[in-house]
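K.L.:
Dropping the sequence and predicted coords here.
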Amino acid sequence: MIKEAIGKVVLTADLTGVEMEEVMREITMRSASTAQIASFITALRMKGETPEEIMAAARVIKDKASVINVGDDVVCLDREEITVERETILSTTKGLAEGTNIFNVSTATALVVAGGGLKVAKYGRSSASPLCGCADVLEALGINLYMTSTQLERCIKEVGICFLYEPSVQNGLEHIIAIRKKIGIRTIFNLLDPLINPAGARIQVLGVYEPNLTETMASVLKNLRIKRALVVHGEDTLDEISITGKTKVTEFKDGGMKSYFIKPEDFGMKRGKLAEIRGGTRKQNAEIILEILRGSRGPRRDITVLNAAAAFVIAGKAKDFVEGVELANRSIDSGKAFNTLERLVEFTNAERKYLIKAYEGEME
């Protein structure tokens with residue numbers, strides 16, 4: 001099917017949901033060659049992915065991914081799945097922002113949001129580029145990423161946050177990483193990553209790399225039974241809410257959808273420069289996050305606070321961005337965000353020791 005699909009997409013024809021699902025099954029089952037996969041995803045990007053194509057691909061991937069059960073009382077909230085009255089599970093997963101080289105904003109955001117009282121499940125991976133990915137900076141912060149599904153479930157219940165490391169959450173796409181790295185462009189897989197949602201979240205803040213994708217991805221999330229979502233595209237920072245310019249936001253909740261723009265000045269923040277939020281190596285980015293969590297002020301804190309505010313808003317914990325900013329600042333200044341990181345480091349490393357002992361016991 002993938003050969004026929006390539007021919008169709010090259011002619012800028014859209015695929016049906018059935019066709020897309022068949023192609024994705026061939027890809028995940030490794031029936032398609034490397035050349036076919038690269039040709040297909042490149043042609044699809046040039047044509048422009050439709051909501052139906054993205055939804056069909058997501059369904060196949062989600063069926064293959066591991067599932068993290070966080071309990072019936074936690075209405076899956078991937079930033080997408082929530083029970084505001086009880087617990088909220090947020091996924092601060094963002095698309096890969098190659099080319100911007102800012103520090104790991106979404107990772108810092110996840111810790112601030114968890115410090116503010118929401119449950120957070122963040123899907124992460126090592127970088128497919130020379131930049132520092134989510135998993136890279138987490139390891140630099142001392143967090144053990146290799147945990148079983150059971151350990152991850154305990155982590156989110158006891159600490160309030162867990163990071164779902166891609167190799168630990170099998171989804172049939174391990175062989176795609178090398179292809180994505182070689183072709184070096186954003187493809188449908190950048191859009192699919194945040195949709196895998198192993199924790200089953202139903203409330204989400206999603207960043208996208210092009211402004212015209214905000215409505216598209218909001219429609220996809222809605223049709224994937226996400227309850228509430230904010231899809232954002234910021235100037236310069238692309239898949240984060242920006243402090244260097246305006247950010248396009250598409251919001252859906254209560255069955256309605258709307259798009260609008262926000263800018264840092266709307267919330268009493270000074271507009272920053274891209275150079276002020278630049279990142280670096282995994283060690284440098286880890287230090288940046290630690291500085292933010294310890295209360296350091298400036299553009300890096302501002303962009304983290306603004307992105308955390310979006311999570312508080314769509315989860316229903318804040319009535320608007322102004323209140324969301326207050327909650328994010330409180331999470332940092334009270335020390336709760338930093339304490340969340342400390343507890344996460346302690347928990348994940350204790351679990352690693354347990355696994356090592358269990359493995360050594362089997363070898364005796």
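P.N.:
In hand now; what should we look at? A quick note: this is a predicted structure, and the numbers were derived from the prediction, not measured. Numbering: from 1, shown residues only.

K.L.:
so where do the helices sit in the stretch 251-364 of the chain?
P.N.:
If DSSP state H, counting those that start in this stretch is used as the criterion, the helices of the stretch 251-364 of the chain fall at 282-293, 299-314, 321-333, 336-363.

K.L.:
Deepest-packed of these, please.
P.N.:
Highest mean neighbour count among the helices of the stretch 251-364 of the chain (mean count of other Cβ atoms under 10 Å): helix 299-314, with a mean of 27. Yep, even glycine has a C-beta here, placed from its N, CA and C like the rest.

K.L.:
now the angle between helix 282-293 and it, please.
P.N.:
Computed with axes from the mean of the first three to the mean of the last three Cα atoms, to 10 degrees, the direction of helix 299-314 lies at 70 degrees from that of helix 282-293.

K.L.:
do you know which of the helices of the stretch 251-364 of the chain lies nearest Met46?
P.N.:
Nearest of those to Met46, taken as Cβ to Cβ: helix 299-314 at 30.4 Å.

K.L.:
quick one, the closest one and helix 321-333 angle?
P.N.:
Put simply, helix 299-314 runs at 120 degrees to helix 321-333, going by the same axes, to 10 degrees.

K.L.:
and of the helices of the stretch 251-364 of the chain, who's closest to Val137?
P.N.:
helix 282-293 (4.6 Å).

K.L.:
list the helices and strands that closest one packs on?
P.N.:
For helix 282-293, the packing partners by 3 or more Cβ pairs under 8 Å, 6 or more residues apart in numbering; DSSP states H and E come out as helix 105-115, helix 134-140, helix 299-314, helix 336-363.

K.L.:
Dump the third one to CSV, keeping only the CA atoms.
P.N.:
Same thing as helix 299-314. What follows is helix 299-314, C-alpha atoms only, in CSV (Å, rounded to 0.1, in the frame of the first residue of the first chain):
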residue,chain,number,x,y,z
PRO,A,299,13.4,35.8,30.5
ARG,A,300,14.0,32.1,31.1
ARG,A,301,11.8,32.1,34.1
ASP,A,302,9.2,34.3,32.3
ILE,A,303,8.8,31.8,29.3
THR,A,304,8.6,28.9,31.8
VAL,A,305,5.9,30.7,33.8
LEU,A,306,3.9,31.6,30.8
ASN,A,307,3.9,28.1,29.5
ALA,A,308,2.9,26.7,32.9
ALA,A,309,0.1,29.2,33.0
ALA,A,310,-1.4,27.7,29.9
ALA,A,311,-1.5,24.3,31.6
PHE,A,312,-3.2,25.8,34.7
VAL,A,313,-5.8,27.5,32.5
ILE,A,314,-6.8,24.6,30.3
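
K.L.:
chain center to that helix: distance?
P.N.:
14 Å (Cα atoms, centre = their mean, to the nearest Å).

K.L.:
any idea of the angle it forms with helix 105-115?
P.N.:
Going by the same axes, to 10 degrees, helix 299-314 makes 60 degrees with helix 105-115.

K.L.:
name the helices or strands packed onto helix 299-314?
P.N.:
For helix 299-314, the elements it packs on are helix 105-115, strand 203-207, strand 228-234, strand 247-253, helix 282-293, helix 321-333, judged by 3+ Cβ pairs under 8 Å, 6+ apart.

K.L.:
Worst mean pLDDT among those?
P.N.:
For these, mean pLDDT drops lowest on strand 203-207, to a mean of 84.

K.L.:
Check which element follows that strand along the chain.
P.N.:
Later in the chain than strand 203-207, the nearest helix or strand by DSSP states H and E is helix 213-223.

K.L.:
hang on, the earlier thing: can you redo the helices of the stretch 251-364 of the chain as JSON lines with distance to Gly200?
P.N.:
Output for those, formatted as JSON lines (distance: least, Cβ to Cβ, whole Å):
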{"stretch": "helix 282-293", "distance to Gly200": "27"}
{"stretch": "helix 299-314", "distance to Gly200": "17"}
{"stretch": "helix 321-333", "distance to Gly200": "24"}
{"stretch": "helix 336-363", "distance to Gly200": "21"}
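
K.L.:
All good on my end, thank you.
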